[in-house]
Every structure is written in structure tokens, then in C-alpha cells.
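Engineer: Structure, please.
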Amino acid sequence: MSIKNLLVLTILFLNLTIFSQGITNKKVNSVEFNRDRNIKLYVPEEHDRDTIRKYPIAIVLDDDYLFDIYVGNSKIYANADLTPKQIVVGVDVDSRKNQDVSVVTKSGNLTSNAKKFYNYIKKELLPYLEANYRTSPYLTIVGDQDAGNFLLHFLKEKNPIFNAYVSISPRLTDQTLRLMSTFDLKRLDEIDNQFYLYVSSNPYEKKERKDLHQQLQTGLEALKTEKLHIAFNDFKNEANKPTALVKALPDAFSNIFGLYPRISKQEYEEKVKDLEPLDAIKYLEKKYLDIEYLYGTNLNVRFEDIYTIEGIVIDKQDGDYLRVLGDFVMIKHPESHLGEYYVGKFHETGKNYEQALFYYKEAYGKMELSDPNAEAFYENIIRIESAMKNAPKEEPLPLEDAPEEDQEEEDNNEDDDNEDNK
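Structural biologist: Okay, here's the model as predicted:
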């Protein structure tokens, strides 16, 4: 064996070892099937240490390759702070005819076994996960081919179970499209939540199936739903089906977790840069409230996003809203010096040097001496002390001369006193 091949095998072994950490096999008893069902479970390692954080769940209708790809992407995207960390559940699926994800050919409805599998996910698996793990309300379901077609049936639920539906190269039929037209997806606009549907196809679909994909896309986009965010991707230039599959999940992540990342350049250009200072602060606050509400993740406001709106607050309206930004940061990051810095700068801009000095000193007191910015920050204090020393002293106002009528009254009073003395 060559050294090159040995190196490749070593890297693959190390990757497999690292990847397998945090993955366990479990059995979940099912009343529907009157037996145990196998699941493969990935739980982020922080789950056992952090007793506050909650995690979105992803149900992957496959406990083999699709599960592995999803877990790998979830780790990469979470480490890049593009998605929250997720609990990923790989569900074993019997894809044979008339089994877990099968449909009746003539009607497109679920077979009796598929109905059991549907109820198993809804009534047994999800309650099991919610009872044993710290889960957030944000739920995703993922499947490809027959499973990708099967998961679309969850869209008919009056009270939606899932927030995100990822259907990769689903084996659509005319009956699938007919059924989906009866789901009344516009009703989702009346629910106080957000929903995502991602559908992909690949270059190797049969023509009739690609036509059905196009019909589904046209029909769903015509609905113009506000709460159901629809994304289609027709991978046309991929070398093979696995390549299209591997690319589909990162593409889906950018859609179903689109709100989560820090403010991007595109988001700034389209939604932020033209805002007035107070509106920019409100935008930032709302973004993180929406993240917490949707994903159930108590993510604190990122410093990068604070810096993104900093220029708007400083440059517009003479920095009058620096005090508001400072108070906002002190609430969100009380351990940081940044909030006091903004308030100090607000007072310095208004030439209220005494208050500026107070807040700059408060900010400096929160900084570690080892902080490479501490010495530069101290220049703020030196600058304010110099400004106070060199500020012109106010001259006392001169005493005003008494008005003439008051003087005359004093003279009259003096004459009266002289008469009395006489």
C-alpha cells in the first residue's frame, strides 16, 4: 500500500472517529407497530453541560447516508454560527412497496402501513424526544425520493407539526399534486409562526417527473404565501445523483435557517443601511427576538451585529441615539465595556465632559489589563481630562445696579426714619 493511500485511509478513519462521537443507537417502542423502532441519534455534546439551551430537532427519514450527510452539515454550519446546534434523529425506513413511506398508486394517499409510520412519528417519536431531551419548538423533517414524497403529507395538518420540510428529489406523481392542492396552504398565513418548504431535483430525473416538479413549483409560488417560504432548486449540472443530494442539504440550510446568521452584506444593503438610528436599533432587537421565538434559541445579540449598526447611530442625527444604543448594549452584555463606551461618547459629543469621563472610566474598569485594546481605550479618558482642563472657565455674572425707582424708595424710607427720630 502506498504512503498516499495509507494517509487517505488514516484521514478517513480519524474523520469517522470524530464524526461518530455523540451518535447513539436507540429503540423507541411503538404501539402503532407493536414493536420497537430503531433510531440513530446525534445530540450536541453541550446538551449535557448546558441546562438552559434548547435544541431544534431534525427528523431524517433515513438512518444511513442521508443522516450522516445531515449531521455533518449541521456540525459545520453550527460551528460557523450559521445555524443553531440541532438534535438530529435518523429514522429507519422500510422503503419497500406498501411499507413505511408508500402511497396508494391511484389516489396518492398513504397506505395503511404508511399511515402507521406517519402516526408513529407524530404521536410516539416526537413526544419521546421532547420528554427526554431539551428540545425547542422548531422541527424539521427531511427525506429523499419516496420519503421526500411521504413527508409532504405532513403539510395537511391543521396545526402544523413541523416548521421546515426538506424534500430532496421526491418521487412526485399526478396524485401528489392533486392532494397538495387540497391542503389549503394559504391557511398557514393565519398562524403566528414561520414555515419553510424546500424541494430539489437532479438532472437524472425522468422527464415526466421533472415536469411534475415544475408544475409543483409553479402552483406553490402562485399561492404567494407570506408565512410559508418556498424554495426550489433544480440541480442541472451535477455529475451524478449523489452530487445533487450532497449539495441539496447546504442549500436547504440557507433557506430553513435563513434568519439565524449575523447580518450579511446583502441583508445590510437591502434592509438596514437606509434606516434611521432608532429604527436600526429596533431592527437589531427584533431580529434576535424573532430568532428566539422561531428557533427556541436564546441567542444573545452578536457583537458583530452591534458593530454593523454602530456607524448608522454615530453618523446620523449627530449621534443623538448613542445613549439608546449604549443602554441597549448594557442590557444585552452587562459584562462588556462597549455599552458604557457608547454612553460616554454620547456625552462627549454633547460636550458634557464630566459625564463622559464617568462612563469612560466605568468602561475602562471592565476591561482586562491583558486586553490589547485597553491601552488605546485609555486615550479616551486622557482626552476628556485634557478637554476639561482646557475648557474656558465661566466668568461670574456681574451684580446688577439697583433700578432707580428702588433707590428712590430707599431714600424716602431713610427720610421717614429721620422724621421719626426727630
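Engineer: And the strands in the protein?
Structural biologist: Under the criterion DSSP state E, the chain contains strands at 23-30, 35-42, 55-60, 87-91, 135-144, 164-168, 195-201, 228-234.
Engineer: Can I get those in JSON lines including mean neighbour count, mean pLDDT and distance to Glu310?
Structural biologist: In short, each C-beta sits where N, CA and C put it, glycine included. Supplementary listing: the strands of the chain in JSON lines, determined by neighbours: other CB atoms under 10 Å; pLDDT from 0 to 100; distance: least, CB to CB, whole Å:
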{"stretch": "strand 23-30", "mean neighbour count": "13", "mean pLDDT": "94", "distance to Glu310": "42"}
{"stretch": "strand 35-42", "mean neighbour count": "17", "mean pLDDT": "96", "distance to Glu310": "38"}
{"stretch": "strand 55-60", "mean neighbour count": "25", "mean pLDDT": "97", "distance to Glu310": "30"}
{"stretch": "strand 87-91", "mean neighbour count": "25", "mean pLDDT": "97", "distance to Glu310": "36"}
{"stretch": "strand 135-144", "mean neighbour count": "23", "mean pLDDT": "96", "distance to Glu310": "30"}
{"stretch": "strand 164-168", "mean neighbour count": "26", "mean pLDDT": "97", "distance to Glu310": "33"}
{"stretch": "strand 195-201", "mean neighbour count": "23", "mean pLDDT": "95", "distance to Glu310": "31"}
{"stretch": "strand 228-234", "mean neighbour count": "18", "mean pLDDT": "94", "distance to Glu310": "30"}
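Engineer: for those strands, which one sits closest to Phe346?
Structural biologist: Set against Phe346 and scored by CB to CB, the strands of the chain come closest in strand 135-144, at 37.1 Å.
Engineer: want to throw the strands of the chain into CSV with distance to Phe346?
Structural biologist: As requested, the strands of the chain are arranged in CSV below (distance: least, CB to CB, whole Å):
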stretch, distance to Phe346
strand 23-30, 51
strand 35-42, 47
strand 55-60, 39
strand 87-91, 44
strand 135-144, 37
strand 164-168, 42
strand 195-201, 41
strand 228-234, 39
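Engineer: Can you point out the buried residues in stretch 89-100?
Structural biologist: Counting neighbours by 16 or more other CB atoms under 10 Å, one finds that the buried residues in stretch 89-100 are 89-91, 93, 100.
Engineer: same question, stretch 236-246
Structural biologist: 238, 241, 244-245.
Engineer: Can you give me the domain boundaries for the protein?
Structural biologist: By the record's domain assignment, the chain is partitioned as 3-256, 265-390 (automatic domain parsing).
Engineer: Show the average pLDDT along the shortest one.
Structural biologist: Going back to what we said before, that points to domain 265-390. Averaged across domain 265-390, the pLDDT comes to 95.
Engineer: Kindly state the pLDDT recorded for the residue positioned nearest the centre of the chain?
Structural biologist: With distances taken as CA atoms, centre = their mean, the chain has Tyr260 as the residue nearest its mean C-alpha position (2.0 Å). Tyr260 is assigned 97 on the pLDDT scale.
Engineer: since we're on Phe183, how many residues are nearby?
Structural biologist: Neighbouring residues of Phe183 were enumerated by other CB atoms under 10 Å; the total is 15.
Engineer: before we move on, what about Phe33?
Structural biologist: Phe33 has 15 neighbouring residues, counting by other CB under 10 Å.
Engineer: do the same with the one 10 residues further on
Structural biologist: The tally of other residues near Val43 (other CB under 10 Å) stands at 19.
Engineer: pLDDT at Phe235, what is it?
Structural biologist: Predicted confidence (pLDDT) at Phe235: the value is 87.
Engineer: ok, now Thr218?
Structural biologist: Reading off the confidence values, Thr218 has pLDDT 94.
Engineer: Let me know the distance separating it from Asp211.
Structural biologist: In this structure, Thr218 lies at 11 Å from Asp211, with CB to CB, to the nearest Å as the measure.
Engineer: can you list residues touching both of these two?
Structural biologist: Overlap of the contact sets of Thr218 and Asp211 (by CB atoms under 8 Å, 6 or more residues apart in numbering) is empty.
Engineer: I figured Glu238 was touching Ala248, is that so?
Structural biologist: No - shown here, Glu238 and Ala248 do not form a contact pair, counting by CB atoms under 8 Å, at 9.8 Å.
Engineer: ok, back up a step: got the contact list for the residue nearest to the centre of the chain?
Structural biologist: The contact partners of Tyr260, by CB under 8 Å, 6+ apart, come to 82-84, 291, 295, 297, 299.
Engineer: So which of those residues is the closest to Lys115?
Structural biologist: Using CB to CB, the shortest approach to Lys115 within these belongs to Tyr295, at 30.3 Å.
Engineer: Which strand residues bridge Arg35?
Structural biologist: With DSSP bridges applied, the residues forming beta bridges to Arg35 are Ser30.
Engineer: That one and Val166: what is the separation?
Structural biologist: 28 Å.
Engineer: same question, Ala58
Structural biologist: 9 Å.
Engineer: Same check on Leu61?
Structural biologist: Separation of Leu61 from Val166 (CB to CB) stands at 10 Å.
Engineer: I'm done for today, thanks for sticking with me.
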